[in-house]
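Peer 1: Fold the following for me, if possible:
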Amino acid sequence: MQTPKKIAVVGSGLVGTLLAIYLKKLGHTVHVYDRSPDIRKINFSGRSINLVLSDRGIKALKDVGLEDEVLGIGIPVEKRAIHTGIDTVNEQFYGKDGEVIYSLSRGLLNKKMVDLAEQAGVEFFFEQKVWDVDLTTATISIGETERGEWTTKDYDLTFGADGAFSRIRHRMQRQSMFNYSQEFLNIGYKELNIPANPDGSHKLNKNALHIWPRGNFMLMALANPNGSFTCTLFMPHDGENSFEELKTTEQLVAFFAKHFPDTKEVIPNLVEDFFKNPTSYLVTMKCFPWTYSNKVALIGDACHAIVPFYGHGMNAGFEDITVLNQMIEQYGDDWANLLNDYENSRKPNADAIAELSYRNFMEMSSKTADEKFLLQKKIEKWFSDKHPDKWMPLYSRVTFSLQPYSEALAIGDFQNKIMEEILKIKNIEEIWNSDEVENLILEKLNSKF
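Peer 2: Below you'll find the predicted structure:
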């Protein structure tokens, strides 16, 4: 146990609430502030992408005994279901038998996490707008408006878990030698919905991530426990096949009839949902440093917001907490050194998962329907099954292992270069599982060492 401190966590999202639980269990007094109302008292819908929980996030939950609580509201997902035509669905299993990710409703999970944090003894202060933090004292300033009167609250340590547009980070950006960048994709997203059947069952296979890949745009769907699916339409904001082009009911219906004809029966409220729900933006944000002395630290999206195409925003944020906790175990009360090692160990991995997430949009929207890509995945699985000690597919490294993201990215790039050469072999479609191909892959793997 550390010497108890009075700690503020700004942000009651998933990372903020889990961090608060960890800190409370270590004996600290923990207050969580959020400018929004209590999520448990509002209708949360309209601009969400379902979350996927995988091994990194599960470890962070398991370490504080919350694994069963969270998995109980999730749905195991074992494969992608690629909808390439009206009646054509190709399936790609994510990993080996028994390896699954879990589909979770963001709103449902966030409500659960707030409940669990309160049960642990964390205090929440909702509808409290934190505008500033004193980096030398960790004192936070709260007020109704940015330029109005503020009230100060004294703390020993303040964590900014307040998302991609963090106010705590905003204050840190006003230091010299603080590096910051943000990059918006020209891809936006809109939430749609597949309701449950009248008997409460799912209209599609609930244990699959459904993807309708269409080049520079795509539709995806993940199941919820109530029989529905949360659907997400990803499209450019402007140009050909974009949100800009879908201004009328007629344009929308014609677009879906042309590109997603097999969704007509399962998305009955297409027009209502499309025009009711906002078009949201996707941003990658990077910064450094993440901490100031032993007083202020950033965590989760506040220091490394990523696009959602690898399903690792929450998992990466939860892994931040795992690493922070490891540093606490190592350094005890030496907060300055533990926070310094936390940021330096996490920064390369945060950058790596940002790169992986950016690349995965191209894989999901285009390559999942490409015959060469599908063959590559088949070869990788075949070779990996024969030589599990020599080859683990990149997706498995990222999702079903705890290997640092930066290492997974580097090894994945090396393996992809090998696969590019293998796919150039004459008649590879006929000989993909031959001794010749197996030996060539082994030879190329050995050439690295």
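
Peer 1: Please count neighbours and contacts with C-alpha atoms only from this point.
Peer 2: Noted.

Peer 1: can you list the weak-confidence ranges in the stretch 301-449 of the chain?
Peer 2: In the predicted model, the stretch 301-449 of the chain carries pLDDT under 70 at residues 365-369, 448-449.

Peer 1: For Ser131, what are phi and psi?
Peer 2: Slight slip there: residue 131 is Trp, not Ser. phi -100, psi -20 (degrees, to the nearest 10).

Peer 1: Test my guess that it contacts Arg147.
Peer 2: No. The criterion here is Cα atoms under 8 Å, and Trp131 misses it with Arg147 at 9.3 Å.

Peer 1: Between those two, which has more neighbouring residues?
Peer 2: Neighbours were counted for Trp131 and for Arg147 using other Cα atoms under 10 Å; Trp131 has more, 20 against 8.

Peer 1: From Arg106, how far out is Phe361?
Peer 2: 21 Å (Cα to Cα, to the nearest Å).

Peer 1: More neighbours: those two, which one.
Peer 2: Neighbour comparison, Phe361 and Arg106: the larger count goes to Phe361, with 22 against 19 (by other Cα under 10 Å).

Peer 1: That one belongs to a helix?
Peer 2: Yes. Phe361 forms part of a helix when assessed by DSSP: H, G, I helix; E, B strand; the rest coil.

Peer 1: quick one: it from Met113, how far?
Peer 2: The gap separating Phe361 from Met113 is 29 Å, by Cα to Cα.

Peer 1: Dump stretch 222-239 to PDB, keeping only the CA atoms.
Peer 2: Only the C-alpha atoms of stretch 222-239 are listed here, as PDB (Å, rounded to 0.1, in the frame of the first residue of the first chain):
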ATOM      1  CA  LEU A 222     -21.800  -5.700 -33.300                       C
ATOM      2  CA  ALA A 223     -24.400  -7.400 -31.200                       C
ATOM      3  CA  ASN A 224     -25.900  -6.200 -27.900                       C
ATOM      4  CA  PRO A 225     -27.400  -8.400 -25.100                       C
ATOM      5  CA  ASN A 226     -31.000  -7.200 -25.800                       C
ATOM      6  CA  GLY A 227     -31.000  -8.800 -29.300                       C
ATOM      7  CA  SER A 228     -30.200  -5.600 -31.200                       C
ATOM      8  CA  PHE A 229     -27.000  -4.700 -33.100                       C
ATOM      9  CA  THR A 230     -25.300  -1.300 -33.000                       C
ATOM     10  CA  CYS A 231     -24.400  -0.500 -36.600                       C
ATOM     11  CA  THR A 232     -21.800   2.000 -37.700                       C
ATOM     12  CA  LEU A 233     -21.700   3.600 -41.200                       C
ATOM     13  CA  PHE A 234     -18.100   4.900 -42.000                       C
ATOM     14  CA  MET A 235     -17.900   7.200 -45.000                       C
ATOM     15  CA  PRO A 236     -16.000  10.200 -46.200                       C
ATOM     16  CA  HIS A 237     -17.400  13.500 -45.100                       C
ATOM     17  CA  ASP A 238     -17.400  14.800 -48.700                       C
ATOM     18  CA  GLY A 239     -16.700  13.700 -52.300                       C
END
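
Peer 1: if we look at that stretch, which residues are touching it?
Peer 2: If you take Cα atoms under 8 Å, 6 or more residues apart in numbering as the criterion, stretch 222-239 is touched by 49-50, 73-75, 103-105, 186-197, 200-203, 206-210, 216-221, 241-245.

Peer 1: go again using 6 Å as the cut-off
Peer 2: 186-196, 200-202, 206, 209, 217-221, 242-244 (Cα atoms under 6 Å, 6 or more residues apart in numbering).

Peer 1: Quick one, which of these are buried?
Peer 2: 187-196, 202, 206, 209, 217-221, 242-243 (16 or more other Cα atoms under 10 Å).

Peer 1: Now, those that are in helices?
Peer 2: With DSSP state H as the criterion, helices contain none of the buried ones among the contacts of stretch 222-239.

Peer 1: Need the residues that contact stretch 119-126.
Peer 2: Residues outside stretch 119-126 that contact it (Cα under 6 Å, 6+ apart): Val30, His31, Val32, Tyr33, Asp34, Pro37, Asp38.

Peer 1: ditto for stretch 198-211
Peer 2: 76-82, 196, 219-223, 227.

Peer 1: Most neighbours among the residues you listed, please name it.
Peer 2: When the contacts of stretch 198-211 are compared by neighbour count (other Cα under 10 Å), Ala223 ends up highest, at 31 neighbours.

Peer 1: what are the phi and psi angles of it?
Peer 2: Here is the backbone geometry of Ala223 (degrees, to the nearest 10): phi -80, psi 150.

Peer 1: so it bridges to which residues?
Peer 2: When bridges are called by DSSP bridges, Ala223 pairs up with Phe229.

Peer 1: Next one: the spatially most central residue of the chain from Thr399, what distance?
Peer 2: Nearest to the mean C-alpha position of the chain, by Cα atoms, centre = their mean, lies Gly313 at 2.4 Å. From Gly313 across to Thr399, the span is 12 Å (Cα to Cα).
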